[in-house]
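**Q** Here is my input; please provide its structure:
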Amino acid sequence: MDIKQLHYFKEIVDQESISKAALILHIAQPPLSQQLKRLETELGTTLIHRYRQKWELTETGHILYQYAKRLLRSMEDVKKEIEEIESGSAGTLRIGVSSACLNLLVDYISIYRKQFPDIKISIEKGSSEELLKKLDHKEIEVALLLRLENSAHCDVLELKQQEYVVVSPRSWGNVFSSEHVTFQDLAKHPFIMLAAMEGHSYYEKILKAFEEAHTTPNIVMESKDLTTVIAMVSKGLGFSIIPRVAYAVPMDQLKIYELKQFDFRVEPVMIKTKNEQVSKATSQFWALVDSVHINIRHDSR
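**A** Next up is the predicted model:
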């Protein structure tokens, strides 16, 4: 039993006549009758009682007819969904994002949704290490994060570099004397440190900057999760040094200061596994981000 036989059988039942079904199917009546007999022989049952003036479905014929309708409808649905995905009007964008790039992703998604409103978007949030594992396990197809030092196995779309800034609780008031803060200024207050993560060197760079300024940070807390770090700062537990792109909580609870003596920058990137085929939705998102980034870069010149 195959799809063609089920299609033929359904048409015979719908038309209540082999001859009428043959006309609609554009085949001769004898071959269609043979297909019906072959189907009955294969299933070991009579599907249609045929009389001189009329015919009727048997109980097993009725069961097969209902099954054929469901299956053929499902086949049409699958075909339609595949056509929509291939045309780019449907499908799913499966993307991962790190805390530092969450706001950046929101900006890109808002643009993407305007162009592709019927695409479903699935977002996984995690650390860089977690997102790389999700890429390897094909749980996501693309990730937006800060550039990793060990990303040679990935296709990388480079975005605009971001400097580091100091964030302090707004409840502290103007705790620093100017908008440009030195590491000597920072050493006088509790510091919430973005913890070291594999593939990133900012932790060592920040400690080295304190050392070169001949001072030591008063680290009271560490976390690998940037959202947690910013939330702790907003509650008045200390200040932190974060990438400018990482404004991921309401900024009315924070004050922002420029950081002197620190020219280290981070670079948000979008990555996907090299030589790995991705969905149409993902290809469209990659192209959109690349286009938006190029426009931003040209506008900044």
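**Q** Surely residue 238 and residue 232 touch.
**A** Yes: assessed by CB atoms under 8 Å, residue 238 is found in contact with residue 232 at 6.8 Å. Just so you know, the C-beta spots here come from the backbone N, C-alpha and C atoms, and that holds for glycine as well.
**Q** if you count what's nearby, which of these two comes out ahead?
**A** Neighbours of residue 238 and residue 232, each counted by other CB atoms under 10 Å, are more numerous for residue 238; the result is 21 against 17.
**Q** Tell me how far the closest residue to the more buried one other than its chain neighbours lies from residue 241.
**A** In space, and not counting its chain neighbours, residue 238 is closest to residue 190: 3.7 Å by CB to CB, 6 or more residues apart in numbering. Note on residue 190: its distance to residue 241, by CB to CB, to the nearest Å, is 13 Å.
**Q** Tell me which of those two has more neighbours.
**A** Set residue 190 next to residue 241 and count neighbours by other CB under 10 Å: residue 241 wins out with 25 against 16.
**Q** Find the nearest non-adjacent residue to the more buried one, please.
**A** residue 164 (5.3 Å).
**Q** What's the local residue count around that neighbour?
**A** Neighbours of residue 164 (other CB under 10 Å): 22.
**Q** cool, the one 10 residues further on as well?
**A** Residues lying near residue 174 (other CB under 10 Å) number 10.
**Q** What of residue 117?
**A** Neighbours around residue 117, by other CB under 10 Å: 8.
**Q** Provide the backbone phi and psi angles at it.
**A** Dihedral angles of residue 117 (phi, psi; degrees, to the nearest 10) stand at phi -70, psi -20.
**Q** Kindly export stretch 262-274 (C-alpha atoms) in CSV.
**A** Listed next in CSV are the C-alpha coordinates belonging to stretch 262-274 (Å, rounded to 0.1, in the frame of the first residue of the first chain):
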residue,chain,number,x,y,z
PHE,A,262,41.7,51.2,29.8
ASP,A,263,41.6,50.9,26.0
PHE,A,264,40.6,47.2,26.0
ARG,A,265,37.5,46.6,23.9
VAL,A,266,35.2,43.8,23.3
GLU,A,267,33.6,42.8,20.0
PRO,A,268,30.1,41.4,19.7
VAL,A,269,30.0,38.7,17.0
MET,A,270,27.5,36.4,15.5
ILE,A,271,28.7,32.9,15.0
LYS,A,272,27.6,29.6,13.4
THR,A,273,29.3,26.3,12.9
LYS,A,274,31.6,26.4,9.9
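**Q** Outside of it itself, which residues are in contact with it?
**A** For stretch 262-274, contacts defined as CB atoms under 8 Å, 6 or more residues apart in numbering pick out 100-101, 104, 135-136, 141-148, 151, 153-164, 183, 202, 205-206, 209, 241, 243, 245, 278, 282, 286, 289.
**Q** for the longest helix that the chain contains, packing partners?
**A** Ranked by residue count under DSSP state H, the longest helix found in the chain is helix 59-87. Helices and strands touching helix 59-87, by 3 or more CB pairs under 8 Å, 6 or more residues apart in numbering; DSSP states H and E, are helix 3-15, helix 280-299.
**Q** picking that back up, residue contacts, the residue nearest to residue 238?
**A** When contacts are counted by CB under 8 Å, 6+ apart, residue 190 touches 218, 220, 237-239.
**Q** Could you work out the most separated pair of these?
**A** Greatest spacing in these, by CB to CB: 218 and 237 (12.1 Å).
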